[in-house]
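Novice: Just need the structure, nothing else, for what follows:
(2 chains)
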Amino acid sequence: MASPWLEKLKKAQKTCIIQDGRRKIHYSFSDGTELSEEYSVKNGELIVRKWRKKGTLGGVGNWDYEIGEELVPRRLDSEGMVESTANPIFVRKDTLTNFQWRIRNLPYTIDNYIVTVSDDNQQIIIKTKNKKYYKKFNIPDMERNGLVLKPENVQIAHANNTLIVTYPKPEEILKTEKQLQQELQKMKASQDGDVDCRPS
Amino acid sequence: MASVTAEKVQEVREVTRIERIGAHSHIRGLGLDDALEARAVSQGMVGQAAARRAAGVILEVIKEGKIAGRAILIAGQPGTGKTAIAMGMAQALGSDTPFTSIAGSEIFSLEMSKTEALTQAFRKSIGVRIKEETEIIEGEVVEIQIDRPATGTGAKVGKLTLKTTEMETIYDLGQKMIESLTKDKVQAGDIITIDKASGKITKLGRSFTRARDYDAMGPQTKFVQCPEGELQKRKEVVHTVTLHEIDVINSRTQGFLALFSGDTGEIKSEVREQINSKVAEWREEGKAEIVPGVLFIDEVHMLDIECFSFLNRALESDMAPILIMATNRGITKIRGTQYNSPHGVPIDLLDRLLIISTSPYEEKEIKQILKIRCEEEDVEMSDDALTVLTRIGMETSLRYSIQLITTANLVSRKRKATEVEVDDIKRVYSLFLDESRSTQFLKECQEEFMFNEIGESETMETS
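Specialist: Residues are numbered from 1 along each chain as shown, chains lettered A, B, ... in the order given. As a prediction, the model looks like this:
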């Protein structure tokens, strides 16, 4: 039995390309939403997953990163206001068996952080005792599979000005990811520079 | 002790920057009571009871929002408060109803056709109230720092630190953001929200922790709690966007910045049609509501015949705003033709208009206006001086006498007086010529000016 999430991905229109050692897959859904995933060719790790939704007033929005880091130059003049680079940077960076978040630029020692799970077991909350950083986030993968978080599974570590929060992927998630991988392997990927062109 | 207070005053001056005073800055509404009867002196408006009452009736029509495409012409001699009435209407409508003000000559540009400029002005005056999920930043200002480059020219650099009860974040500011933060006079201790998509800043009030800073606080200062949790939130907000803004969002990818710079270029008519049908769809689904606003065209006699025929057509659309025009011309040539017409506006357009006329002010009213302007410009004036100034206003023009307020104040300050006296008025009256004295002077000594040897009869035919 496949999960509704897997069904949704199967139904979407997909294109696939291998570029820079990454297998890039682009999904477009019927409501105009776009999803882009990038897997490492070497070990199959998911490096980037980003969403782009249509705005209410139309126009193309910006990519919204669920996993991975946005690597576009800062356009201070067109954005008007950009978070300074000295701020903590929150990035989700999964491994094959764990969900993992890295928050860089957090110099405070490990006893400064209080990482808890919200009362409805949906969100992880990172608090700081010195009131410098606060973040509330959910794990979309868990939500899509209708799973709740177990507070005892959250682990934290701190090194090199970086706070690392880890949550092991439950059995169900590992299973759907495996199914998805099998599905994606079937897709024909065009190689970089090899443009599909058939002159009529 | 005295020196301490002097220092304090200096400090406060620095905190709240002195605003520049515009010609109509004293107007805060139309000054009508509930029965739409004009109060003698109210909200900065004086006299013109009939015209203000008429404007009040129009205002009700706009607020009902049912009728599209009505047009009003405010006609009257120079300096009889036409623009003031339009400004009063804008103020009375509040910030949620779009009010666009342009001058007739503004639409003539090399980069944009006349009709495109007019269409944009029309679409700027139609609002759409819609619910939208936006990302907002809500927090207390810890520090705002704006550095001018040492060379004096070039871009300013800015940093803004915001906090909630749980966290703190530093933002780098772009040029436009610095401008709007300075315009809104945002200071440390303010609780603000910033709409990330549009860059709009809203001041919610001052933080409770700053409740003891008595110096930078007016009677209407509101105190609010410092927000909790994360700084960036997603929120569903109902707001009014103009059709023009939706046009720009859909025609280019460069975002809201084009709205600021006005560098939108021509917008394709296909895009507009698409948006019109989209808006109609939202309206049927109950997702959005149309808010017809007001387009005010000052000096409307500057438009030419093409613009007038465009207006005729545009007013018939069901998406047209209320159009208010103002002119100070009598029977004159319609621009672009050889024909004369009242107010320089073609008869067929005039036929669609409701005409409000303003009449010259009386002595009492002029005195009242001068008094209000004195208050607005923070000028102390003795009663005698005010009477003299009123006489000058009667004999020359209201604008001239208003200009004498500022200059006379400077003269009185130079002689270290606190109040403007009759002598100061006399002094500036002799220093600066008004229009009729200037004409008189020219008539008398025309021969001494340059190019005069050509003589009257040989003036070139220019038309």
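
Novice: Tell me which residues touch B:Asp190, please.
Specialist: The neighbourhood of B:Asp190, defined by Cβ atoms under 8 Å, 6 or more residues apart in numbering or on different chains, consists of B:140-141, B:203-207. No exception for glycine: its C-beta is placed from N, CA and C like everyone else's.

Novice: how about the residues of the stretch 151-300 of chain B that lie near chain A?
Specialist: B:159-160, B:163-177, B:194, B:196-197, B:199, B:229-230, B:241, B:245-246, B:249-250, B:253-257, B:275, B:278 (Cβ under 8 Å from any Cβ of the partner chain).

Novice: Neighbour-wise, give me the winner out of the contacts of B:Asp190.
Specialist: Of all the contacts of B:Asp190, the highest neighbour tally under other Cβ atoms under 10 Å in any protein chain shown goes to B:Glu140, namely 26 neighbours.

Novice: just checking, it touches B:Thr161?
Specialist: No. Taking Cβ atoms under 8 Å as the definition, B:Glu140 is not a contact partner of B:Thr161, at 9.5 Å.

Novice: ok so, going back, what about the residues of the stretch 151-300 of chain B next to chain A, which are in strands?
Specialist: Counting by DSSP state E, these place B:159-160, B:163, B:168-173, B:194, B:241 in strands.

Novice: For those, give me CSV that also has distance to B:Lys364.
Specialist: Output for these, formatted as CSV (distance: Cβ to Cβ, whole Å):
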residue, distance to B:Lys364
B:Lys159, 54
B:Leu160, 50
B:Lys163, 55
B:Glu168, 58
B:Thr169, 58
B:Ile170, 58
B:Tyr171, 54
B:Asp172, 56
B:Leu173, 50
B:Ile194, 48
B:Val241, 45
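
Novice: continuing past the lowest-mean-pLDDT helix or strand in chain A, what's the next helix or strand?
Specialist: None of the helices or strands of chain A scores lower by mean pLDDT, DSSP states H and E than helix A:76-79, at a mean of 66. Note on helix A:76-79: by DSSP states H and E, the next helix or strand toward the C-terminus is strand A:81-83.

Novice: Next, see if that following strand gets close to chain B.
Specialist: Yes. Using Cβ under 8 Å from any Cβ, strand A:81-83 reaches chain B at A:81-83.

Novice: Look up which residues are beta-bridged to the spatially most central residue of chain A.
Specialist: Closest residue to the average C-alpha location of chain A: A:Ile67 at 1.8 Å, with Cα atoms, centre = their mean. On the basis of DSSP bridges, A:Ile67 takes part in beta bridges with A:Arg49.

Novice: Could I get the pLDDT score of it?
Specialist: pLDDT for A:Ile67: 90.

Novice: Distance check, it against chain B.
Specialist: To chain B, A:Ile67 is 19 Å away according to Cβ to the nearest Cβ, to the nearest Å.

Novice: Equivalent analysis for A:Phe137, please.
Specialist: Distance from A:Phe137 to chain B, counting by Cβ to the nearest Cβ: 9 Å.

Novice: The helix or strand containing that residue versus strand B:168-173: what angle between them?
Specialist: Following DSSP H and E, one finds A:Phe137 within strand A:134-138. Interaxial angle, strand A:134-138 versus strand B:168-173 (axes from the mean of the first three to the mean of the last three Cα atoms, to 10 degrees): 90 degrees.

Novice: near chain B at all, the helix or strand just after strand A:134-138?
Specialist: Where DSSP H and E defines the elements, the next helix or strand beyond strand A:134-138 is helix A:140-144. No. Remark: helix A:140-144 sits outside contact range of chain B, by Cβ under 8 Å from any Cβ, the gap being at least 14.3 Å.

Novice: Once you drop chain neighbours, what's closest to B:Cys307?
Specialist: What sits nearest to B:Cys307 in space, not counting adjacent residues and going by Cβ to Cβ, 6 or more residues apart in numbering or on different chains, is B:Lys114, at 5.6 Å.

Novice: circling back to that earlier point, mind listing what's buried along the strand holding A:Phe137?
Specialist: For strand A:134-138, a neighbour-count test (16 or more other Cβ atoms under 10 Å in any protein chain shown) marks A:134-135 as buried.

Novice: other SSEs contacting it?
Specialist: strand A:123-128 (3 or more Cβ pairs under 8 Å, 6 or more residues apart in numbering or on different chains; DSSP states H and E).

Novice: residues in contact with the residue of chain A found nearest chain B?
Specialist: In chain A, the residue found nearest to chain B is A:Tyr134; the distance is 3.6 Å by Cβ to the nearest Cβ. Shown in contact with A:Tyr134 (Cβ under 8 Å, 6+ apart): A:125-128, B:164, B:166-167, B:229-230.

Novice: Provide the partner residues of it in its beta bridges.
Specialist: Note on A:Tyr134: beta-bridge partners by DSSP bridges are A:Lys127.

Novice: A:Asn153 versus A:Tyr133, what's the distance?
Specialist: Here the criterion is Cβ to Cβ, to the nearest Å. By it, A:Tyr133 lies 22 Å from A:Asn153.
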